[in-house]
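*Asks:* Sequence and predicted structure are below.
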Amino acid sequence: MAIITLPTSFNFSRVSRFSLERRSNVLRARYTGQRQTIIYPYAMWMLEGELREYDGIGAGAIRGFLALLEGQKNTFLLPVPGYIGPSTGYALTNALTNGITAVRAVSIAIDGLSNSVNLFNIGDFFTIQDELKIVTAAVATNGSGQATVSFQPPLRAAVADNIALTIQNPTCLMTASEDDIASWGIAPPVRQTTRFSAIEAI
């Protein structure tokens, strides 16, 4: 399984769905109506959208990329649609983990940041070890440039000390969600239209 590089011209005209899909079992008692819920400890990012119309070399680059994915075999690093960096305006990229974080954790200690600044607002994104996370509470650093970030979904792998977080232009490791991803349409005057769907590679 290889990671295929996105063409520089890769861009969406519309993203109809970028979602975090979870799995659970919900049981409801017939007599009381009380429910019991089992939430499984994983979740996957899903995407459905349409690439902008291409012609010429741009169209060829997209066709080549789709072919190189080999259906659902290979992966690619997808930038989070419509997102560049923290909505706080924090622009540095030197965040490192501060200590070891266990699998299934939903918070992580970090350091190496600017002192006493707003780092994340709720709903911001970051990437750690190719796992995309969404921040669930606002984060500010202390006077030593340290902070604790709460997030979802839980970590799928343990994280060692001094591992970098990607907080500017975070990405998600994705794969095509269907085998026939290498398909496109042609609209006059010879412009290529492409529907695109992907699922997180876990």
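*Replies:* That came through fine.
*Asks:* now the helices for the chain?
*Replies:* Secondary structure of the chain (DSSP state H): helices at 56-68.
*Asks:* The worst-scoring helix or strand of it on mean pLDDT packs against which elements?
*Replies:* Lowest on mean pLDDT, DSSP states H and E among the helices and strands of the chain sits strand 185-187, with a mean of 83. Counting contacts by 3 or more CB pairs under 8 Å, 6 or more residues apart in numbering; DSSP states H and E, strand 185-187 packs against strand 191-200. Backbone N, C-alpha and C define where each C-beta goes, glycine included.
*Asks:* List the buried residues of the strand it packs on.
*Replies:* 192, 194, 196, 198-200 (16 or more other CB atoms under 10 Å).
*Asks:* Where does confidence bottom out across those?
*Replies:* Across those, the member with the lowest pLDDT is residue 192, scoring 86.
*Asks:* Who is that residue paired with across the strands?
*Replies:* Following DSSP bridges, residue 192 is listed with bridge partners residue 54, residue 186.
*Asks:* Check the residue lying closest to residue 76 once chain neighbours are set aside and give its pLDDT.
*Replies:* Nearest-residue entry for residue 76: residue 4, 4.9 Å, with adjacent residues in sequence omitted and distances by CB to CB, 6 or more residues apart in numbering. As predicted, residue 4 sits at a pLDDT of 94.
*Asks:* sorry, back to before: which residues are contacting the least confident helix or strand of the chain?
*Replies:* Strand 185-187 has contacts (CB atoms under 8 Å, 6 or more residues apart in numbering) with 53, 192-194.
*Asks:* one more time with 10 Å
*Replies:* Outside strand 185-187, the residues that touch it by CB atoms under 10 Å, 6 or more residues apart in numbering are 53, 55, 59, 191-195.
*Asks:* of all the buried residues of strand 191-200, which comes closest to residue 154?
*Replies:* Taking CB to CB as the measure, residue 154 lies nearest residue 200 of the buried residues of strand 191-200, at 13.5 Å.
*Asks:* my guess is that closest one meets residue 45, correct?
*Replies:* Yes: the criterion here is CB atoms under 10 Å, and residue 200 meets it with residue 45 at 4.3 Å.
*Asks:* Common neighbours of those two, please.
*Replies:* Common neighbours of residue 200 and residue 45 (CB under 10 Å, 6+ apart) are 20-21, 78, 131-132, 153, 172-174.
*Asks:* contacting residues for the residue positioned nearest the centre of the chain?
*Replies:* Nearest to the mean C-alpha position of the chain, by CA atoms, centre = their mean, lies residue 172 at 3.4 Å. Residue 172 is in contact with 18, 44-45, 47, 76-81, 125, 127, 130-133, 198-201, counting by CB under 10 Å, 6+ apart.
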